[in-house]
Structures are given as C-alpha cells and as structure tokens.
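1. please work out how this folds:
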Amino acid sequence: MKNKKKFLIIGSNFSYNHYKYLKNQKNNEIHICSPNIYKKKFYKSCNLSKNYKKIIAQHDFHTIVCCAKPNIQKDFINLILKKKYKCKFIMLEKPLSINVKKFDEFQLYCLINKIKFYLNFTYSNLNIFKKIHSILKNDKNTKITFELNIFHHFLKHKNSSWKNFISDGGGIINYYLVHIIFAFVKQSNQIKLDKINYSLKNKFLNEINLTFKNYNNEILIINFKLDSNLYTHKYFINSKRYNYIINTNSKNWYDRYFLKKYDKKDHLISETIYKEKISELIRINYKNLYQKKLKKDLLKYYSLIAKTEVICNKINNKIKKYDFK
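-> Got it, this is the predicted structure:
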C-alpha cells in the first residue's frame with residue numbers, strides 16, 4: 001500500500017502505552033525493537049526485531065519513539081547524529097540524561113533537518129497543573145509547597161535497576177522529580193534553583209528539600225522523602241486570598257486526586273475530584289508533536305527541556321555521592 005506511515009518503537013515495557021496510541025493511526029506499519037521483544041505477547045500485527053540499529057538502516061520512518069533506558073536513548077541520539085538519519089518526528093522519554101552540549105547538538109540537527117522532537121512529560125498535562133497555572137497567573141505572590149513521600153522499591157528490596165542510580169541515568173531526581181521540575185519550569189520559566197538541602201539514613205539519601213525562587217521571591221518548595229511503605233503526593237498553595245490543597249493517597253496518583261479551596265479563615269469553599277488516564281496524557285503529547293508549530297514556539301519548548309536538564313544535573317552533582325550504587 002502506498003504512502004504507508006512507518007513507526008519505529010524502541011523498547012518493550014512502557015512503550016506499550018505508545019503502541020496503543022500509534023496502532024490507531026490510519027495506514028500504519030509499526031516496528032518494535034527490543035532485546036526481549038519476543039517475550040512480549042501483547043504486541044499484535046506489527047514487525048518485531050531485537051536490533052533497532054539494523055531496522056533504522058532499512059526503513060524510512062515517519063516517527064521514531066525511543067522509550068528505553070537512558071543509555072540506550074543516548075546511543076540512539078548519537079546514532080541519529082552520526083548517520084545523519086532523517087525522519088519527520090521523534091518522541092523521546094524522560095529523563096533525557098545527556099549533557100547539555102549533546103542536547104544542543106541534537107536540537108540544532110533537528111531544526112536544520114526539520115525533524116520535530118518531543119519529550120513524553122505527562123505530569124504537566126494534568127488538569128491540576130492547568131489549575132495551578134491559573135492560580136499563579138491571577139496571584140503573583142503565590143507560594144507552593146510540594147510534598148512527596150515515595151514508596152521506593154530499593155529500600156524494600158535491593159535491586160540493580162537503572163531507575164535507582166544517577167550513574168545509569170536514573171536516581172531520585174532523574175526518575176522521579178524531573179516530572180515535577182519540568183511541570184513548574186513550564187508554568188514559570190523565570191524560576192531558578194536557590195537551595196539544595198538533604199538528609200541521610202543508613203548512608204543513603206532519606207530526604208531532599210529544594211527551594212526555587214522567582215526573582216527575589218521564594219515561590220516553590222519541594223520536600224521529597226523516601227519511604228519503604230508510604231506513598232503520598234501533596235501540594236499546598238498559598239495566595240493572598242485563598243489556600244489550596246491538592247492531595248492523593250494513590251500510587252498512580254492521577255487516577256484519583258482532589259483539590260480543596262479554602263478562604264483565609266480555613267473555611268472550605270469548594271472541592272473538585274480529578275481522575276485521569278495515562279493514555280490520555282500521552283495522547284496530548286502526540287497531539288503536540290504532530291501539531292504544526294512556529295520555529296519560535298519549538299525553541300521555547302526546547303529551552304524548557306534544557307533548563308530542566310540543567311537544574312536536574314545541578315542537584316545530581318550535589319547528591320550523587322549518596323547514590324544507591
């Protein structure tokens with residue numbers, strides 16, 4: 001069939017969420033590459049392969065999706081640059097975890113060759129961040145405190161997953177807080193990291209406290225605590241007129257969370273319950289990927305990614321000696 005759109009997905013675990021979206025595209029031909037792809041039984045009517053480098057050399061792809069661990073994503077970006085491969089669209093997963101110089105090289109290559117790329121940040125697509133944006137827009141002196149107690153598998157059962165280690169592109173910041181940092185950078189590109197504090201337990205990181213400022217005003221505090229049993233996700237938003245609390249006790253917290261609005265005397269004014277699906281959050285990113293954008297809008301988006309990477313690298317450099325590895 002003529003004019004068939006060819007999609008390449010690198011990875012076989014979280015990539016299923018991308019596959020569910022792409023399989024519904026009209027006139028598609030999907031290729032999925034992963035060393036263990038033949039063990040996965042849920043990929044239907046698509047081409048399977050272990051080696052993505054061979055497949056890239058054999059096809060002209062419309063879209064390439066890389067949702068593998070950071071060192072594979074880094075190799076993929078280097079391959080694109082070295083082979084001067086051209087496709088129309090690239091969807092990458094976070095953390096990007098490449099140095100700023102390499103990111104600039106990749107960004108420039110994509111701009112010159114009219115390749116549009118996007119990072120699959122999903123938190124910033126949540127309706128709750130639209131609400132936070134509205135609050136910040138209407139009240140310039142708003143202060144946000146974000147608290148996260150994370151159920152961390154490494155504390156329960158020692159394992160060697162890349163997600164636990166900064167040296168492998170994971171770690172507390174790259175795998176967890178990068179979502180939150182990007183979401184707030186997107187809300188206010190003027191924020192800057194002001195303070196980094198942390199505490200240890202049994203020689204490992206136990207708690208991280210980050211303070212961000214906008215000009216001279218302290219506007220965002222992130223308190224992040226590791227736990228072997230608990231998972232909570234809370235935002236406290238204080239403005240001149242109102243106080244807000246966003247909270248959930250769900251591990252997949254976007255499945256069900258609520259926003260409560262109080263007056264300054266702590267009287268409840270309203271309560272809204274939100275329930276969102278990861279598939280919808282990913283769909284929004286593909287909509288943005290395929291949407292026609294002006295070059296200045298792309299550059300603005302890329303600058304948000306770069307700023308997030310710089311902030312994450314700065315924090316990692318401070319805490320990496322207390323990494324789990």
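2. and for residue 127, the neighbour number?
-> By other Cβ atoms under 10 Å, the residues close to residue 127 number 14. For every residue, glycine as well, the C-beta is placed using N, CA and C.
3. what residues does stretch 183-195 touch?
-> 121, 123-124, 126, 129, 132-133, 136, 144, 209-215, 218-220, 303-304, 307-308, 311, 314-315 (Cβ atoms under 8 Å, 6 or more residues apart in numbering).
4. buried ones from those residues, can you make that a PyMOL selection?
-> Applying 16 or more other Cβ atoms under 10 Å to these, the buried members can be selected in PyMOL as follows:
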select buried, resi 121+123+124+126+129+132+136+144+210+212+214+219+220+304+307+308+311+315
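5. of the contacts of stretch 183-195, which belong to helices?
-> Secondary structure from DSSP state H places 129, 132-133, 136, 303-304, 307-308, 311, 314-315 of the contacts of stretch 183-195 in helices.
6. what's the domain layout of the protein?
-> Domain segmentation of the chain under automatic domain parsing yields 5-119, 125-322.
7. lowest average pLDDT across those domains?
-> Here the lowest mean pLDDT among those goes to domain 125-322, at a mean of 84.
8. in CSV: the ones in helices among the contacts of stretch 183-195, plus distance to residue 94.
-> What follows is the ones in helices among the contacts of stretch 183-195, written out as CSV (distance: Cβ to Cβ, whole Å):
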residue, distance to residue 94
129, 16
132, 20
133, 20
136, 23
303, 16
304, 12
307, 14
308, 9
311, 13
314, 17
315, 15
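9. and those, which two are the farthest apart?
-> Across those, no pair lies farther apart than 133 and 314, at 24.6 Å, counting by Cβ to Cβ.
10. mind listing what's buried along whatever helix or strand residue 80 lives in?
-> Assigned by DSSP states H and E, residue 80 falls within helix 70-83. Within helix 70-83, the residues scored as buried using 16+ other Cβ under 10 Å are 70, 72-74, 76-77, 80.
11. next one: stretch 195-207
-> With burial defined by 16+ other Cβ under 10 Å, the residues of stretch 195-207 counted as buried are 198, 205-206.
12. straight-line length of it, end to end?
-> Stretch 195-207 has an end-to-end distance of 14 Å (Cα to Cα, to the nearest Å).
13. okay if I get the buried residues of stretch 195-207 as a markdown table plus distance to residue 37 and secondary structure?
-> Shown next, in a markdown table, are those (distance: Cβ to Cβ, whole Å; DSSP: H, G, I helix; E, B strand; the rest coil):
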| residue | distance to residue 37 | secondary structure |
| --- | --- | --- |
| 198 | 39 | strand |
| 205 | 34 | strand |
| 206 | 38 | strand |
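14. from those residues, which is closest to residue 299?
-> For the buried residues of stretch 195-207, the nearest to residue 299 is residue 198 (34.0 Å; Cβ to Cβ).
15. can you pull the contacts of that closest one?
-> Residues near residue 198 by Cβ under 8 Å, 6+ apart: 205-209, 318-319, 322.
16. any idea how far the residue nearest the centre of the chain is from residue 322?
-> Nearest to the mean C-alpha position of the chain, counting by Cα atoms, centre = their mean, stands residue 121 at 3.4 Å. Look at residue 121 and residue 322: by Cβ to Cβ, to the nearest Å, they are 26 Å apart.
17. what's in contact with stretch 106-125?
-> Residues contacting stretch 106-125 (Cβ under 8 Å, 6+ apart): 18, 67, 77, 80-81, 86-94, 96, 98, 129, 179-180, 182-183, 186, 254, 278, 281-282, 284-285, 288-289, 293, 295, 298-299, 301-302, 305-306.
18. of the residues you listed, select the buried ones using a ChimeraX command.
-> Selection of buried members from the contacts of stretch 106-125 for ChimeraX, criterion 16+ other Cβ under 10 Å:
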select :18,67,77,80,87,88,89,90,91,92,93,94,96,98,129,179,180,182,183,186,254,281,282,285,289,298,301,302,305,306
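19. what sits opposite residue 204 in the beta ladder?
-> residue 201 (DSSP bridges).
20. could you report the distance from it to residue 321?
-> Going from residue 204 to residue 321 by Cβ to Cβ gives 11 Å.
21. which residues does the closest residue to residue 23 other than its chain neighbours bridge with?
-> Nearest residue to residue 23, sequence neighbours excluded (Cβ to Cβ, 6 or more residues apart in numbering): residue 30, at 6.4 Å. Beta-bridge partners recorded for residue 30 (DSSP bridges): residue 7.
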